[in-house]
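S.K.: Dropping the sequence and predicted coords here.
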Amino acid sequence: MDVDTRASCQSLPYSGSAGAKPKMASTKPKMAVLILGFLFVLAVIALITVAVTQNQRLPKNIKYGIVLDAGSSHTNLYVYTWPAEKENDTGVVQQVEVCKVEGPGISGYSQAVQNASRSLQHCLERAQEVVPQQQHQETPVYLGATAGMRLLSLENRHVAMEVLSAVENRLRSSPFNFQGARIITGQEEGAYGWITINYLLGSFKQSGWLNFLPKLTSIKETVGALDLGGASTQITFVPEQEQSESQENSLHFRLYGKSYNVYTHSFLCYGKDQALRMKLVRDLQNAETARLQDPCFHTGYERNVSIRDLYASPCTANYKQSLAFPQLHVVGSGDYQACQTRIEELFNKTSCPYSKCSFNGIFQPPLQGHFGAFSAFYFVMNFLNLSADSSPAPLNSAISTMKNFCSRPWSEVKAAYPQVKEKYLSEYCFSGTYIISLLKTGYEFSLETWQQIQFLGKIGSSDAGWTLGYMLNLTNMIPAEQPLMRPLSHAGYVGLMVLSSLVLVGALLLGWCIFRKPRCLRKGIV
Ligand SMILES: Nc1ncnc2c1ncn2[C@@H]1O[C@H](COP(=O)(O)OP(=O)(O)O)[C@@H](O)[C@H]1O
Ligand SMILES: [Ca+2]
């Protein structure tokens, strides 16, 4: 008899052979079905709950912070944002705006301090456009002044304080939450630059699972920071040896549950603008006439420099001598080697009261790891095409690039780069030669360790520099201990929930099929 087992199976009554006592149907399958049914309903509710809660458009709670970098040559205003609920996580703060303040650095207003205040107007108005109006009052604004103001403070502390109070009044009258305007130390400038690039590179990030294995050191090493300004330069890195021979160069941080012993030094007067002044003043020491042939400038380039201005800085005051002429007439001769020889005289390598020094008797432990070189290191090396993204041009090719560039006549250089500011263009030969000398002779980067330097302007959308680290520290956004982190990322959590629900549903369906298998498919019945 050809029966459609499917149809018959479904409607088939008990069909045991005649006379056989039907087995008592036990209550077990019924219980199992009830439990399975309950679990099934639970799994469905869990799925719906996860789906609904994840899809709710939670209002994004974004916070803002503003930092003004009052450098020796310029002032920049930075606006940073971060999601409020994650502010203690690493890497969540990012730069959304940078505004370059017109005019010189604030130390340039020592003769007219109110202009320092006025100069900030445009960028503060720009910040008011970027930060939502209803958040102005809660948004902190900080101003940090660097080496230009350190030098002005050495020259005339009173004037420096007047300049600071003028910019402070301007910031207090802004709608933001003023949190201070001060001259930061060179040590701070180095430390915050190191924090910024390591925060942005994710060096402090400990993966969630590592929290359960605190003995494991963070997989990522930190990166050293090299900052070149106009009036100072900073070097900051974690050395191999924990013990420092010089306490003033030693910093101790505890960040995200890990301790860091960091070496830092800030060389005042070794920013590239002050270094040029020091070189010229040293060159002058042997000059008989007002005409100075200078191999650090291109052939055909000429520049008049006021002797009074030249000696006005604390960096050159020691070389002061009376000269019969008020102006120095600089005439370029474009020779890298001769330029390098004059620059290297700026680095005193003779005396070192420690086991190892960089220059001028300053302790420096052996260089260790990779370095991010930013600010003027980047501006100059990027112009010279020596800041390849992955890794820099080898030291020898950087030197040959400089030899070639310095030997080009000024008329050719000017014609080749009509869009570049003459102030910068005329000094790239000096600046590039100075950078190579500072790194190679000053800090003693070798052919090998030179390859561990990366010249970088930004990391992601944020400029490399001290300002982000400064704000992170002052807003306590870098906790000493690792915040309790969910071992799984948000996506991982949702994925796991959905997967486990699907497995549960699958198990339920399988169980249901087993218990509810049509009698006719059960062995021994048909
Ligand atoms: N596009 C550029 N090309 C070359 N040099 C630049 C450029 N922009 C800025 N600079 C130089 O970078 C340096 C920035 O120094 P700054 O941060 O103002 O000083 P400091 O950090 O010593 O207070 C200055 O020497 C400035 O002239
Ligand atoms: Ca700077």
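M.R.: That came in fine, so what should we check first? Ligands and ions are numbered 1, 2, ... in the order given.
S.K.: Tell me who's in contact with Thr299.
M.R.: Gly332, Ser333, Gly334, Ser407, Pro409, Trp410 (C-beta atoms under 8 Å, 6 or more residues apart in numbering). (Glycine included, C-beta is placed from N, CA and C.)
S.K.: swap the cut-off to 10 Å and go again
M.R.: 331-335, 406-413 (C-beta atoms under 10 Å, 6 or more residues apart in numbering).
S.K.: Highest neighbour count among these?
M.R.: Of the contacts of Thr299, Cys406 is surrounded by the most neighbours, 27 neighbours in total, counting by other C-beta atoms under 10 Å.
S.K.: Quick check, pLDDT for that one.
M.R.: Looking at Cys406, its pLDDT stands at 98.
S.K.: That one falls within a helix, correct?
M.R.: Yes. Secondary structure assignment places Cys406 in a helix (DSSP: H, G, I helix; E, B strand; the rest coil).
S.K.: who in the stretch 51-200 of the chain is up against ligand 1?
M.R.: Remark: the part of the stretch 51-200 of the chain in contact with ligand 1 comprises Gly71, Ser72, Ser73, His74, Gly105, Thr146, Ala147, Gly148, using C-beta under 6 Å from any ligand atom.
S.K.: Looking at the residues you listed, which are in helices?
M.R.: Restricting those to those inside helices, with DSSP state H as the criterion, leaves Ala147, Gly148.
S.K.: quick check, nearest of the residues of the stretch 51-200 of the chain next to ligand 1 to ligand 2?
M.R.: Ligand 2 lies nearest to Gly71 out of these, by C-beta to the ion, at 4.0 Å.
S.K.: wait, that closest one sits on Thr146?
M.R.: Yes. If you go by C-beta atoms under 10 Å, Gly71 and Thr146 touch, sitting 5.4 Å apart.
S.K.: interface residues of this structure facing ligand 2?
M.R.: Contact residues (C-beta under 5 Å from the ion) of the chain with ligand 2: Gly71, Gly229.
S.K.: care to break the chain down by domain?
M.R.: Residue ranges for each domain of the chain read 62-183, 186-205+220-456, as given by the TED database.
S.K.: in the stretch 301-450 of the chain, which segments are predicted with low confidence?
M.R.: 389-392 (pLDDT under 70).
S.K.: before we move on, the earlier item: could I get the domains of the chain in a markdown table, plus columns for distance to Leu47?
M.R.: Rendered in a markdown table, the data for those read as follows (distance: least, C-beta to C-beta, whole Å):
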| stretch | distance to Leu47 |
| --- | --- |
| domain 62-183 | 25 |
| domain 186-205+220-456 | 32 |
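S.K.: which stretch among these comes nearest Leu36?
M.R.: Each of the domains of the chain was scored for nearness to Leu36 using C-beta to C-beta, and the closest is domain 62-183 (39.1 Å).
S.K.: Low-confidence ranges, the chain, go.
M.R.: Low-confidence segments of the chain, defined by pLDDT under 70: 1-29, 46, 49-59, 206-220, 389-392, 485-490, 492-494, 517-526.
S.K.: Find the nearest non-adjacent residue to the residue of it found nearest ligand 1, please.
M.R.: Taking C-beta to the nearest ligand atom, ligand 1 has its nearest neighbour within the chain at Gly229, 2.2 Å off. Distance criterion C-beta to C-beta, 6 or more residues apart in numbering; nearest residue to Gly229, sequence neighbours excluded, is Gly271 at 4.2 Å.
S.K.: what's the answer for Gly300, then?
M.R.: Using C-beta to C-beta, 6+ apart and skipping residues adjacent in sequence, the residue nearest Gly300 is Trp410, 4.0 Å away.
S.K.: can I assume the one you found is in contact with Leu425?
M.R.: Yes. Trp410 is within contact range of Leu425, at 9.1 Å (criterion: C-beta under 10 Å).
S.K.: got any residues that touch both of these two?
M.R.: Each of His298, Tyr301 lies in contact with both Trp410 and Leu425 under the rule C-beta under 10 Å, 6+ apart.
S.K.: Helices of the stretch 301-450 of the chain, start to end?
M.R.: Secondary structure of the stretch 301-450 of the chain (DSSP state H, counting those that start in this stretch): helices located at 307-310, 336-344, 376-383, 395-407, 410-416, 422-425, 428-437, 447-450.
S.K.: Same check on the stretch 151-300 of the chain?
M.R.: For the stretch 151-300 of the chain, the helices defined by DSSP H, counting those that start in this stretch cover 157-172, 186-201, 272-284.
S.K.: Find the residues that touch each one of Gly71 and Thr146.
M.R.: Residues touching both Gly71 and Thr146 (C-beta under 10 Å, 6+ apart): Gly105, Ser107, Glu189, Gly229, Gly230, Ala231, Ser232, Gly271, Gly465, Trp466.
S.K.: need the contact list for the first one.
M.R.: Just to be clear, that refers to Gly105. 69-75, 116, 119, 145-149, 152, 163, 229-231.
S.K.: Need the phi and psi values for the closest residue to ligand 2 within the chain.
M.R.: Minimum separation of the chain from ligand 2 (C-beta to the ion) falls at Gly229, amounting to 3.6 Å. The phi and psi values for Gly229, taken as degrees, to the nearest 10, are phi -110, psi -160.
S.K.: what residues are up against it?
M.R.: 69, 71-74, 105, 146-148, 186, 189, 266, 270-274, 375-377, 465-466.
S.K.: What of His298?
M.R.: Counting by C-beta under 10 Å, 6+ apart, His298 touches 332-334, 405-414, 425-426, 428-429.
S.K.: Show the contacting residues for Ser446.
M.R.: With contact taken as C-beta under 10 Å, 6+ apart, Ser446 is in contact with Leu367, Leu395, Lys440, Gln452.
S.K.: Serialize those to CSV and add fields for neighbour count.
M.R.: Rendered in CSV, the data for these read as follows (neighbours: other C-beta atoms under 10 Å):
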residue, neighbour count
Leu367, 22
Leu395, 20
Lys440, 19
Gln452, 17
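S.K.: Just send the helices of the stretch 301-450 of the chain back as TSV, with distance to Pro326 too.
M.R.: Below are those laid out as TSV (distance: least, C-beta to C-beta, whole Å):
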stretch	distance to Pro326
helix 307-310	6
helix 336-344	23
helix 376-383	30
helix 395-407	29
helix 410-416	25
helix 422-425	22
helix 428-437	23
helix 447-450	42
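S.K.: and among those, the most buried is which?
M.R.: For these, the largest average neighbour count (mean count of other C-beta atoms under 10 Å) is found in helix 428-437, namely a mean of 25.
S.K.: for that one, packing partners?
M.R.: Counting contacts by 3 or more C-beta pairs under 10 Å, 6 or more residues apart in numbering; DSSP states H and E, the secondary-structure elements packed against helix 428-437 are strand 224-228, helix 272-284, helix 336-344, helix 376-383, helix 395-407, helix 410-416.
S.K.: Hey, what's the angle from that helix to helix 336-344? Just curious.
M.R.: Computed by axes from the mean of the first three to the mean of the last three C-alpha atoms, to 10 degrees, the angle separating helix 428-437 from helix 336-344 equals 60 degrees.
S.K.: Could you find the residue nearest the spatial middle of the chain?
M.R.: With distances taken as C-alpha atoms, centre = their mean, the residue of the chain nearest its centroid is Ile197 (3.0 Å).
S.K.: how many neighbours does the closest residue to that residue other than its chain neighbours have?
M.R.: Closest residue to Ile197 in three dimensions, ignoring its sequence neighbours and counting by C-beta to C-beta, 6+ apart: Gly372, at 4.5 Å. A total of 24 residues lie near Gly372 under the criterion other C-beta under 10 Å.
S.K.: Hmm, Ile195 and Gly372 touching each other?
M.R.: No. Under the contact definition of C-beta under 10 Å, Gly372 does not touch Ile195, with a separation of 11.9 Å.
S.K.: got any residues that touch both of these two?
M.R.: Going by C-beta under 10 Å, 6+ apart, residues that sit against Gly372 and also against Ile195 are Ala225.
S.K.: that older thread, pull out the buried members of the contacts of Gly105.
M.R.: For the contacts of Gly105, burial is judged from neighbour counts taken by 16 or more other C-beta atoms under 10 Å, and it is met by 69-75, 116, 119, 145-149, 152, 163, 229-231.
S.K.: okay, now Gln451: neighbour count?
M.R.: The local packing of Gln451 (other C-beta under 10 Å) involves 15 other residues.
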